[in-house]
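In: Fold the following and give me the result.
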Amino acid sequence: MKTYNRWQSGIKFKYPFEGCEKISETHSQAYQDIFVLTLLNGKRNGEYFEIGCNLPDYTNNTYLLAKEFDWNGTSIDFLGNLELEWKKLRPKNRFVICDALTVNYEELIGKSRTIDYLQLDIEPCMNTLSALTRIPHNLYRFAVISFETDVYLGQNGPYVREKSREFLSNLGYTLIIPDVIVDETNPYEDWWVDLNLVDSSIALSIQTESKTTTHPFKLLLKY
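Out: Take a look at the predicted model:
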């Protein structure tokens, strides 16, 4: 088990949720797992869908959800050499080797329903945008979405950010933290919610504070 971020005692959650007292680490690169749990009040037995998951633990946005909060879901990636590690560390998780740009999402996900967390992160960012638009959004609704724009790299990042924002806004999602950063200079991701499916008061409070900082540690945690 590899931890990406571990914090010292004395650090607290700005918006405490059920079960937060047992968390002292995150396996996400930018606290995506903490964001999800904060907006869903530490929900147990939630469901996620990951497009681009890589390793099952390190810099993985759903490992903490699965390990501590009994979440489950489907994680897709085109790297077949990851399968054994996923089966070893997360045997209950559904790991699917496929091309996110050609897979039939309706067949993969199944019946129409609400899913708690959607993660989109494949390379390059134009492919992430293509995957987003290929999901049959008329069948599925997501409470929380993290979408990697990689805008800091330049190239197609600004276009992908603009088009993904237009697309998700038209679907009725609300951008809570734009241009999430993991340092002080490189924005790379947008975080969205359906205000009808999360704690809207917390979501809007975070959205307001994100006008002064988009570093997730500063928005979700405090000394």
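
In: Arg94: how many residues sit nearby?
Out: Arg94 has 13 neighbouring residues, counting by other Cβ atoms under 10 Å. Where C-beta positions appear, they are placed from N, C-alpha and C, glycine not excepted.

In: what does Asn41 give?
Out: That count, for Asn41 with other Cβ under 10 Å as the rule, works out to 16.

In: Repeat that for Pro178.
Out: Counted with other Cβ under 10 Å, Pro178 comes out at 18.

In: is it true that it touches Asp190?
Out: Yes: in this structure, Pro178 is within contact of Asp190 by Cβ atoms under 8 Å, at 5.4 Å.

In: Quick check: neighbours shared by these two?
Out: By Cβ atoms under 8 Å, 6 or more residues apart in numbering, Pro178 and Asp190 have these common neighbours: Arg165.

In: quick one: what helix or strand has the closest residue in space to Pro187 that isn't next to it in sequence in it?
Out: Nearest non-adjacent residue to Pro187, counting by Cβ to Cβ, 6 or more residues apart in numbering: Asp179, 3.3 Å away. Using DSSP states H and E, Asp179 falls within strand 174-181.

In: Give me the average confidence score over the longest helix seen in the chain.
Out: For the chain, the helix with the greatest residue count under DSSP state H is helix 157-170. On average, the pLDDT along helix 157-170 is 97.

In: hang on, the earlier thing: I'd like to know how many residues surround the residue nearest to Pro187.
Out: 17.

In: residues in contact with the closest residue to Gly52 other than its chain neighbours?
Out: In space, and not counting its chain neighbours, Gly52 is closest to Ile122: 3.8 Å by Cβ to Cβ, 6+ apart. Applying Cβ under 8 Å, 6+ apart, one finds that Ile122 lies in contact with Ile51, Gly52, Ala100, Thr128, Ala131.

In: May I see those arranged in CSV, with neighbour count, distance to Tyr15 and pLDDT as well?
Out: CSV is the format used below for the contacts of Ile122 (neighbours: other Cβ atoms under 10 Å; distance: Cβ to Cβ, whole Å; pLDDT from 0 to 100):
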residue, neighbour count, distance to Tyr15, pLDDT
Ile51, 25, 27, 98
Gly52, 19, 27, 95
Ala100, 22, 32, 97
Thr128, 22, 28, 97
Ala131, 21, 30, 98
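
In: Let's see which of the residues you listed end up in helices.
Out: Thr128, Ala131.

In: the bottom helix or strand of the chain by mean pLDDT?
Out: strand 5-6 (a mean of 66; mean pLDDT, DSSP states H and E).

In: Partner strands of the helix or strand that that one is followed by, with direction?
Out: Downstream of strand 5-6, the next assigned helix or strand under DSSP H and E is strand 12-13. Strand 12-13 has the following strand partners under DSSP bridges: strand 221-222 (antiparallel).

In: quick one: low-confidence ranges for the protein?
Out: Filtered on pLDDT under 70, the chain yields the residue ranges 1-9.

In: And the strands in it?
Out: With strands called from DSSP state E, the chain shows them at 5-6, 12-13, 25-26, 47-51, 72-77, 94-97, 113-120, 140-148, 174-181, 187-193, 221-222.
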